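*Asks:* Show me the folded form of this:
(one chain, ligands or ions: 1)
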Amino acid sequence: MSDYEPLIAPKVTENIAVYPGTFDPITRGHLDIIQRALHLFDRVVVAIAVNASKNPLFSLEERKQMILDCFPRDESRIEVDSVEGLLVDYAYRKGAKAIVRGLRAVSDFDYEFQLALMNRRIEREVETVFLMTGFRWIYISSSIIKEAARHGGDVSGLVPDHVCEKLRHAYMGNGQ
Ligand code: COA
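*Replies:* Down below sits the predicted model:
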(Lines give C-alpha, C1' and ligand atoms only; values in the text may rest on other atoms or scores of the structure.)
Protein backbone atom coordinates (compact mmCIF):
# COMPACT_ATOMS: atom_id res chain seq x y z
CA MET A 1 0.00 0.00 0.00
CA SER A 2 1.35 3.47 -0.86
CA ASP A 3 2.01 5.92 1.97
CA TYR A 4 -0.55 8.27 0.49
CA GLU A 5 -3.43 5.88 0.14
CA PRO A 6 -6.26 6.96 2.44
CA LEU A 7 -6.81 4.56 5.26
CA ILE A 8 -10.39 3.51 5.84
CA ALA A 9 -10.97 3.20 9.54
CA PRO A 10 -12.67 -0.02 10.60
CA LYS A 11 -16.22 0.34 11.87
CA VAL A 12 -16.23 0.36 15.64
CA THR A 13 -19.23 0.17 17.86
CA GLU A 14 -17.80 2.27 20.63
CA ASN A 15 -15.64 5.38 20.35
CA ILE A 16 -12.85 4.89 22.85
CA ALA A 17 -10.09 7.35 23.72
CA VAL A 18 -6.97 6.74 25.75
CA TYR A 19 -5.84 9.61 27.95
CA PRO A 20 -2.25 8.90 29.02
CA GLY A 21 -0.07 10.61 31.57
CA THR A 22 1.95 10.13 34.70
CA PHE A 23 -0.79 11.53 36.96
CA ASP A 24 1.53 12.01 39.92
CA PRO A 25 -0.97 13.13 41.15
CA ILE A 26 -4.09 13.78 39.08
CA THR A 27 -5.00 17.50 39.04
CA ARG A 28 -8.11 19.47 38.22
CA GLY A 29 -6.41 20.26 34.90
CA HIS A 30 -6.37 16.55 34.04
CA LEU A 31 -9.99 16.21 35.17
CA ASP A 32 -10.95 19.11 32.92
CA ILE A 33 -9.47 17.22 29.94
CA ILE A 34 -11.23 13.98 30.92
CA GLN A 35 -14.54 15.84 31.15
CA ARG A 36 -14.02 17.35 27.70
CA ALA A 37 -13.04 13.96 26.26
CA LEU A 38 -16.24 12.42 27.65
CA HIS A 39 -18.22 14.85 25.48
CA LEU A 40 -16.52 13.42 22.39
CA PHE A 41 -15.99 9.76 23.18
CA ASP A 42 -18.18 6.98 24.58
CA ARG A 43 -15.45 5.78 26.89
CA VAL A 44 -12.17 7.20 28.18
CA VAL A 45 -9.36 4.98 29.36
CA VAL A 46 -7.11 6.92 31.71
CA ALA A 47 -3.75 5.21 31.19
CA ILE A 48 -1.09 5.73 33.83
CA ALA A 49 2.26 5.51 32.09
CA VAL A 50 5.01 3.62 33.84
CA ASN A 51 7.66 6.19 32.99
CA ALA A 52 11.21 5.18 33.84
CA SER A 53 12.51 8.74 33.54
CA LYS A 54 10.18 10.07 36.23
CA ASN A 55 10.49 9.31 39.90
CA PRO A 56 6.90 9.48 41.09
CA LEU A 57 5.92 10.48 44.60
CA PHE A 58 2.92 8.15 44.59
CA SER A 59 2.93 4.46 43.70
CA LEU A 60 1.04 3.21 40.68
CA GLU A 61 -1.68 1.80 42.94
CA GLU A 62 -2.04 5.09 44.84
CA ARG A 63 -2.28 7.07 41.60
CA LYS A 64 -4.85 4.64 40.25
CA GLN A 65 -6.95 4.86 43.40
CA MET A 66 -6.78 8.68 43.44
CA ILE A 67 -8.10 8.76 39.86
CA LEU A 68 -10.85 6.22 40.59
CA ASP A 69 -11.92 8.25 43.63
CA CYS A 70 -12.63 11.22 41.34
CA PHE A 71 -15.54 9.37 39.75
CA PRO A 72 -18.73 7.83 41.08
CA ARG A 73 -18.59 4.05 41.34
CA ASP A 74 -21.15 3.63 38.57
CA GLU A 75 -19.21 5.72 36.04
CA SER A 76 -18.85 2.98 33.46
CA ARG A 77 -17.49 5.37 30.84
CA ILE A 78 -14.17 5.70 32.67
CA GLU A 79 -11.55 3.02 33.00
CA VAL A 80 -8.26 3.48 34.83
CA ASP A 81 -5.35 1.33 33.77
CA SER A 82 -1.58 1.38 33.61
CA VAL A 83 0.51 1.21 30.48
CA GLU A 84 4.02 -0.02 29.99
CA GLY A 85 5.77 0.03 26.63
CA LEU A 86 4.51 1.78 23.54
CA LEU A 87 1.41 3.86 24.08
CA VAL A 88 0.02 3.45 20.56
CA ASP A 89 0.31 -0.32 20.76
CA TYR A 90 -1.69 -0.18 23.97
CA ALA A 91 -4.28 2.15 22.42
CA TYR A 92 -4.62 -0.12 19.39
CA ARG A 93 -5.07 -3.19 21.58
CA LYS A 94 -7.76 -1.33 23.53
CA GLY A 95 -9.61 -0.62 20.29
CA ALA A 96 -9.18 3.11 20.87
CA LYS A 97 -9.70 5.53 18.02
CA ALA A 98 -7.66 8.26 19.60
CA ILE A 99 -5.10 9.30 22.14
CA VAL A 100 -6.20 12.45 23.93
CA ARG A 101 -3.66 15.02 25.03
CA GLY A 102 -4.28 18.32 26.74
CA LEU A 103 -2.60 21.50 25.57
CA ARG A 104 -1.99 24.19 28.15
CA ALA A 105 0.32 26.64 26.47
CA VAL A 106 2.38 27.06 23.31
CA SER A 107 5.30 25.51 25.21
CA ASP A 108 3.47 22.16 25.26
CA PHE A 109 3.21 22.14 21.50
CA ASP A 110 6.73 21.14 20.38
CA TYR A 111 6.85 18.01 22.50
CA GLU A 112 3.25 17.06 21.77
CA PHE A 113 3.80 17.52 18.04
CA GLN A 114 6.83 15.20 18.11
CA LEU A 115 4.99 12.63 20.21
CA ALA A 116 1.92 12.66 17.97
CA LEU A 117 3.95 12.27 14.77
CA MET A 118 6.05 9.46 16.20
CA ASN A 119 2.92 7.70 17.40
CA ARG A 120 1.33 8.08 13.98
CA ARG A 121 4.43 6.69 12.33
CA ILE A 122 4.20 3.59 14.52
CA GLU A 123 0.45 3.11 14.30
CA ARG A 124 -1.56 5.02 11.72
CA GLU A 125 -4.93 3.86 12.89
CA VAL A 126 -4.77 5.73 16.18
CA GLU A 127 -5.17 9.51 15.91
CA THR A 128 -4.03 12.05 18.47
CA VAL A 129 -6.67 14.54 19.55
CA PHE A 130 -5.59 17.71 21.32
CA LEU A 131 -7.98 19.36 23.71
CA MET A 132 -7.47 22.86 25.05
CA THR A 133 -7.19 22.91 28.82
CA GLY A 134 -9.58 25.21 30.65
CA PHE A 135 -8.10 28.68 31.15
CA ARG A 136 -7.99 28.22 34.92
CA TRP A 137 -5.58 25.32 34.65
CA ILE A 138 -3.10 26.50 32.05
CA TYR A 139 -0.32 27.15 34.55
CA ILE A 140 -0.52 24.00 36.66
CA SER A 141 1.35 20.75 36.46
CA SER A 142 1.70 17.87 38.89
CA SER A 143 5.28 18.96 39.68
CA ILE A 144 4.42 22.54 40.52
CA ILE A 145 1.57 21.37 42.74
CA LYS A 146 3.89 18.94 44.56
CA GLU A 147 6.46 21.69 44.93
CA ALA A 148 3.92 24.03 46.51
CA ALA A 149 2.52 21.28 48.77
CA ARG A 150 6.01 20.24 49.86
CA HIS A 151 6.63 23.72 51.20
CA GLY A 152 3.27 23.87 52.93
CA GLY A 153 1.50 25.90 50.22
CA ASP A 154 -2.25 25.65 49.88
CA VAL A 155 -3.09 23.62 46.78
CA SER A 156 -6.77 23.12 47.53
CA GLY A 157 -8.83 23.94 44.48
CA LEU A 158 -6.06 22.78 42.15
CA VAL A 159 -6.51 19.10 42.98
CA PRO A 160 -9.55 17.18 44.27
CA ASP A 161 -9.92 17.21 48.07
CA HIS A 162 -8.84 13.59 48.54
CA VAL A 163 -5.66 14.28 46.53
CA CYS A 164 -5.02 17.37 48.63
CA GLU A 165 -5.22 15.16 51.69
CA LYS A 166 -2.81 12.60 50.21
CA LEU A 167 -0.32 15.37 49.44
CA ARG A 168 -0.61 16.74 52.95
CA HIS A 169 0.01 13.27 54.30
CA ALA A 170 2.95 12.61 51.97
CA TYR A 171 4.75 15.77 53.04
CA MET A 172 3.67 15.73 56.66
CA GLY A 173 6.53 16.00 59.07
CA ASN A 174 9.21 16.87 56.56
CA GLY A 175 9.65 20.08 58.51
CA GLN A 176 9.25 22.45 55.54
N1 COA B 1 -3.52 19.90 33.54
C2 COA B 1 -2.53 19.91 34.43
N3 COA B 1 -1.32 19.40 34.18
C4 COA B 1 -1.13 18.83 32.99
C5 COA B 1 -2.11 18.80 32.00
C6 COA B 1 -3.36 19.37 32.32
N7 COA B 1 -4.36 19.38 31.46
N8 COA B 1 -1.61 18.19 30.92
C9 COA B 1 -0.35 17.86 31.21
N10 COA B 1 -0.06 18.26 32.45
C11 COA B 1 1.22 18.13 33.16
C12 COA B 1 1.34 16.85 33.91
O13 COA B 1 0.86 17.02 35.24
C14 COA B 1 2.81 16.59 33.88
O15 COA B 1 3.41 17.30 34.91
P16 COA B 1 4.77 16.82 35.54
O17 COA B 1 5.77 16.75 34.44
O18 COA B 1 5.01 17.88 36.49
O19 COA B 1 4.48 15.48 36.14
C20 COA B 1 3.28 17.23 32.58
O21 COA B 1 2.27 18.13 32.22
C22 COA B 1 3.52 16.21 31.52
O23 COA B 1 2.28 15.63 31.15
P24 COA B 1 1.85 14.13 31.21
O25 COA B 1 0.52 14.12 30.58
O26 COA B 1 1.91 13.52 32.55
O27 COA B 1 2.82 13.47 30.25
P28 COA B 1 4.15 12.77 30.53
O29 COA B 1 5.18 13.57 29.84
O30 COA B 1 4.37 12.45 31.94
O31 COA B 1 3.85 11.40 29.79
C32 COA B 1 3.34 10.03 27.86
C33 COA B 1 3.72 11.38 28.40
C34 COA B 1 2.91 9.06 28.92
C35 COA B 1 2.17 10.23 26.93
C36 COA B 1 4.54 9.49 27.07
O37 COA B 1 5.68 9.47 27.90
C38 COA B 1 4.32 8.12 26.51
O39 COA B 1 3.59 7.95 25.57
N40 COA B 1 5.00 7.11 27.08
C41 COA B 1 4.88 5.72 26.64
C42 COA B 1 6.03 5.34 25.68
C43 COA B 1 5.70 5.84 24.31
O44 COA B 1 4.86 5.30 23.64
N45 COA B 1 6.41 6.90 23.90
C46 COA B 1 6.10 7.62 22.67
C47 COA B 1 6.66 7.03 21.44
S48 COA B 1 8.38 6.88 21.46
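
*Asks:* Residue of this structure nearest the ligand, please.
*Replies:* The nearest approach of the chain to the ligand comes at residue 29, 2.0 Å away (C-beta to the nearest ligand atom). The way it works is simple: take the backbone N, C-alpha and C, and place the C-beta from them, glycine included.

*Asks:* How about the secondary structure of that residue?
*Replies:* State at residue 29, reduced to three classes by DSSP: H, G, I helix; E, B strand; the rest coil: helix.

*Asks:* what sits against it?
*Replies:* 102, 104, 133-134, 137-138, 140-141, 158 (C-beta atoms under 8 Å, 6 or more residues apart in numbering).

*Asks:* at 7 Å what do you get?
*Replies:* Residues near residue 29 by C-beta atoms under 7 Å, 6 or more residues apart in numbering: 102, 133, 137, 140.

*Asks:* what's the answer for residue 38, then?
*Replies:* Applying C-beta under 7 Å, 6+ apart, the residues near residue 38 are 44, 77.

*Asks:* Can you list the buried residues in stretch 89-96?
*Replies:* Residues of stretch 89-96 classed as buried: 90-92, 94-96 (neighbour count, 16 or more other C-beta atoms under 10 Å).
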